[in-house]
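Peer 1: 3D, please:
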Amino acid sequence: MSEMSARTQGNDINYTPGSALVAGQVVPRESMIGVAPSPIEAILLVALHIRGVADGVACLGTDVVGIGDQLYWDDTNNRLTLTATDNTYAGAAASASPNGTETVDLIINAPTKTKITS
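Peer 2: Numbers count the residues shown, from 1 in each chain. Model (predicted):
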């Protein structure tokens, strides 16, 4: 008897939002994030993206982000940050973001134990 049967490739998770979502909206889910692939009406079962690369995501401009750094979603300010406290793990940086830069590319929910090097 099989112990497990994969139902998807693992790129999406089911989610029923309590309110409408806009395309690209980040949804913190326990210890990871999901991203709305398109506008979503409230109380409809949909799939949120939990894998992939997002380009030009807002980040805290004073953070100095290196490729592979772990990033967290600050849901209060709607941006990524290096600060884990009170934020949700979002993934790893796919690009560098020096001080004063307010965007970074993100590998959504990249494994937390893997430091990505270029």
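Peer 1: Assign a three-state SS to Ile107, would you?
Peer 2: strand (DSSP: H, G, I helix; E, B strand; the rest coil).
Peer 1: Please, where are all the strands along the protein?
Peer 2: Remark: strands assigned in the chain by DSSP state E are 12-15, 26-29, 32-35, 46-49, 53-58, 70-74, 79-81, 88-93, 103-108.
Peer 1: Make TSV out of those strands and add mean pLDDT, distance to Val64 and mean neighbour count.
Peer 2: Any C-beta I mention is one placed from the backbone N, CA and C, and that applies to glycine too. Putting the strands of the chain into TSV (pLDDT from 0 to 100; distance: least, C-beta to C-beta, whole Å; neighbours: other C-beta atoms under 10 Å) gives the following:
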stretch	mean pLDDT	distance to Val64	mean neighbour count
strand 12-15	92	32	15
strand 26-29	95	22	18
strand 32-35	95	22	22
strand 46-49	92	27	18
strand 53-58	94	16	16
strand 70-74	97	12	22
strand 79-81	97	12	23
strand 88-93	96	11	22
strand 103-108	95	11	22
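Peer 1: how about these in JSON lines, adding distance to Glu3?
Peer 2: Below are those laid out as JSON lines (distance: least, C-beta to C-beta, whole Å):
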{"stretch": "strand 12-15", "distance to Glu3": "21"}
{"stretch": "strand 26-29", "distance to Glu3": "25"}
{"stretch": "strand 32-35", "distance to Glu3": "24"}
{"stretch": "strand 46-49", "distance to Glu3": "25"}
{"stretch": "strand 53-58", "distance to Glu3": "32"}
{"stretch": "strand 70-74", "distance to Glu3": "31"}
{"stretch": "strand 79-81", "distance to Glu3": "36"}
{"stretch": "strand 88-93", "distance to Glu3": "27"}
{"stretch": "strand 103-108", "distance to Glu3": "28"}
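Peer 1: Tell me how far Pro39 lies from Ala47.
Peer 2: Distance of Pro39 to Ala47, computed by C-beta to C-beta, to the nearest Å: 14 Å.
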